[in-house]
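Peer 1: just the structure for this:
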Amino acid sequence: MNTKPLVSAFFLLVLAGHANGDATETEKQIGQDMEHIVVTATRTERNASEVMRSLSVLDRAQIDSIQGQSLGDLVNALPNITLAGGPRAGSQTINIRGLGGNKLLQTVDGARLSFESGHRPSYYLDPALLKGVEALRGPASSLWGSGALGGVVAQRTLDPVDLTDGDDIGGFIRSGYNDNNQQHTTTVAVGVELGSIDWLLSGYYRDSDDLEMGNGETLADSSSQDSGVLAKLNWQPADDHILQLNYRASNSDGSVPSNGAAEVNETSNFLIERETRTHNASARWDFNPGNNGLDSQALLYWNQVEIDEARVSDGRGDATSLDEYGLNVMNVSKVGHLTLQYGADIYREEFSAFRSGDNRPLPPEATSDVWSVYLQSQFQLTDGWRLDLGLRHDDFTTEAENLNDERSESSTSSTLALVWQPTDWADLALRYDEAFRAPTSEELYTSGTHFCLGRGFCNRFVPNNQLEAENASNVELLGKFTFSNVLGADRLTIEGAVFDNRVDNFIEQVVSGPSFFPFPDAGTTTWINVSDADIQGFELQTQYQRGGLNLALGYGQTRGEDNATGDDLTNIPADTLSADLNYTFAERALVTGLRVVHAASQRNTDYMENTTGISYDGYSVVDLYAIWSPRQLPGIQFDLNINNVGDKFYTRAWDQLPESGREIILSARYSL
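Peer 2: Here you go, the predicted model:
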């Protein structure tokens, strides 16, 4: 494919920016000042610059500039955060510092969202509904409880005020096209403010064909049809009370291998028709009478995931569902130099599954109940020194009704940080954070058949109700530096972190067999605790801003080792360097940018099961993007992305499928 017309179109937008030197200001600005970005991954709204944890934040402008199809697309270029699972958006997961899957916790508008079952998807929120994403690296169970072993991915959806911008009504309609898979996307949103009440209604629809890879071949069965809706209602009956009601739903249909991260085969990775339905509802009450003793919040939520599958070859059907009910209550009190944040979390997960046909897995009919209490404190020792302390206790019980078995356990997680601000432009912190992850009902109680190599020769699941919770303890040194007027009227920020995360009782699936000598044995599959793992590394991110120029650089390096055997840990990402250079022209009427991601080769693959010596090659990918709001067309915005400009054919470390080839994504947006 000839790329010259594509690059020419990109630079025509740049020239258009020069021609419209007096154009009106666009709604977008890439690379905003971190001091003004409010984050919620710490459970209370705080400025990002005040959070002494390793944290990356994406705002709405950055999300729009990426035009990603999944959450993984949005965070893929952040230091020590990588996308995993191949190019199918519905099969993608996130890896933070070598940990992924259910070892990461995801939240949406402050409510935890947990679903993990076999090779089925676990991320369902479309970027079209997001206004912000926060990736908190490192253990965080003292804040969030089970699951935050490697970090937290906090997602925030659009609010009415994001659309109205001070007016009574506001909204937009956005339509886009991706030439790689002939994907059509439409998003519509409207927000209204009526005195003490404001509301929002938004929806999206996406229809795509199969993806094309860098070698010109298509990835069979990668098409999908997706749709979703977001509704919000906020009511402020008095100055110190706010009630927020939130509802989301999504639908996804398409044919896909039972393991969407691998190729279809006729023996174990069958082609299925999958229908995924999600429903999420929450009610949040905020009470802030304006005194130091009370700043309270209560959040009641419900999440439902339902997945129906039918094997294409014979119609064999499966059904999987999870209902999650939760209640969070919290208060913040300030006494002199002491700030206290305390509360309680209660939630229940009801998991059920049906597997038709012979020689199939038998997931449990299970219920998990969790209750917890926590306390976080910040004490300003002197003008330059601060002490952060936190403690959380969780009790959880999992019952497999079909097996008449129950498992109960408790865990306590702590955090300690000493923060030092020697000058106005420097902040340093030494942290110790603990985290745990309770074993899931599937890990504890799955039985039945895993796979068969012939009639009657089947590998079977063996339940293990003695699994212990995974525990992590992380020591980390962080630094944040902010410089102004380095080369004139500019700003430079540098953030870095060095960490050592020890994970005990690491849970992994072990498949033994099959063997054929001296007697045929198809073997077994179970989940076990391995002794301990050590994950070390560092990350560095810096941002330079001068006038319309914005340059962001990031680098992440992680190493993992099994301390018992000396083997390298699997799924540790390759060393990655990223750069994002953009310039805002003509009073922000045009933003043009360049992104580069370079992943080094991954040769740290020395582990017992790697008998063939497999390793992974490095790669570099270049993207171009532009955002243009022409003065002659008020309310109109055009977004152009040319991803993987060189049509690179590459595969990420540890993945089985190559990534998408060149993508040209063009969208137009009209705002009220």
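
Peer 1: quick one: secondary structure of residue 142?
Peer 2: helix (DSSP: H, G, I helix; E, B strand; the rest coil).

Peer 1: and it, how far is that from residue 376?
Peer 2: Noted for residue 142: a distance of 7 Å to residue 376, by CB to CB, to the nearest Å. Placement of C-beta: from N, CA and C, glycine included.

Peer 1: then residue 103?
Peer 2: Counting by CB to CB, the gap from residue 103 to residue 376 is 22 Å.

Peer 1: low-confidence stretches in the chain?
Peer 2: 1-38 (pLDDT under 70).

Peer 1: one more time with 50, if that's ok
Peer 2: 1-32 (pLDDT under 50).

Peer 1: so what sits against both of residue 142 and residue 376?
Peer 2: 390, 415 (CB atoms under 8 Å, 6 or more residues apart in numbering).

Peer 1: phi and psi next, for the residue nearest the centre of the chain.
Peer 2: Nearest to the geometric centre of the chain sits residue 153, at 4.6 Å (CA atoms, centre = their mean). Dihedral pair for residue 153: phi -110, psi 110, per degrees, to the nearest 10.

Peer 1: same check, this time on residue 366
Peer 2: Given degrees, to the nearest 10, the pair of backbone angles that residue 366 has is phi -130, psi 150.

Peer 1: in contact with the residue nearest to it when sequence neighbours are not counted, which residues?
Peer 2: Distances taken as CB to CB, 6 or more residues apart in numbering put residue 441 closest to residue 366, at 3.4 Å, once the chain neighbours are dropped. Counting by CB under 8 Å, 6+ apart, residue 441 touches 349, 351, 363, 364, 366, 368, 398, 400.

Peer 1: where exactly do the helices run in this structure?
Peer 2: 4-19, 60-66, 71-75, 141-144, 160-164, 441-445 (DSSP state H).

Peer 1: just how off-centre is the last one within its chain?
Peer 2: Read that as helix 441-445. Distance of helix 441-445 from its chain centroid, counting by CA atoms, centre = their mean, to the nearest Å, is 24 Å.

Peer 1: dump the C-alpha coordinates for it into PDB.
Peer 2: Output of helix 441-445 as PDB, limited to C-alpha atoms (Å, rounded to 0.1, in the frame of the first residue of the first chain):
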ATOM      1  CA  SER A 441     -14.000 -19.800  42.900                       C
ATOM      2  CA  GLU A 442     -12.900 -21.200  39.600                       C
ATOM      3  CA  GLU A 443      -9.300 -21.600  40.900                       C
ATOM      4  CA  LEU A 444     -10.600 -23.300  44.000                       C
ATOM      5  CA  TYR A 445     -13.300 -25.500  42.700                       C
END
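
Peer 1: got the contact list for the closest residue to residue 406 other than its chain neighbours?
Peer 2: Leaving aside its sequence neighbours, residue 406 sits nearest to residue 399 (CB to CB, 6+ apart; 4.5 Å). Neighbour list for residue 399: 366, 367, 368, 405, 406, 407 [criterion: CB under 8 Å, 6+ apart].

Peer 1: how close does residue 399 sit to residue 277?
Peer 2: 26 Å.

Peer 1: counting neighbours, what do you get for the nearest residue to residue 242 once chain neighbours are set aside?
Peer 2: In space, and not counting its chain neighbours, residue 242 is closest to residue 286: 4.4 Å by CB to CB, 6+ apart. The number of residues packed near residue 286 is 16, by other CB atoms under 10 Å.

Peer 1: fine, thanks again, bye for now.
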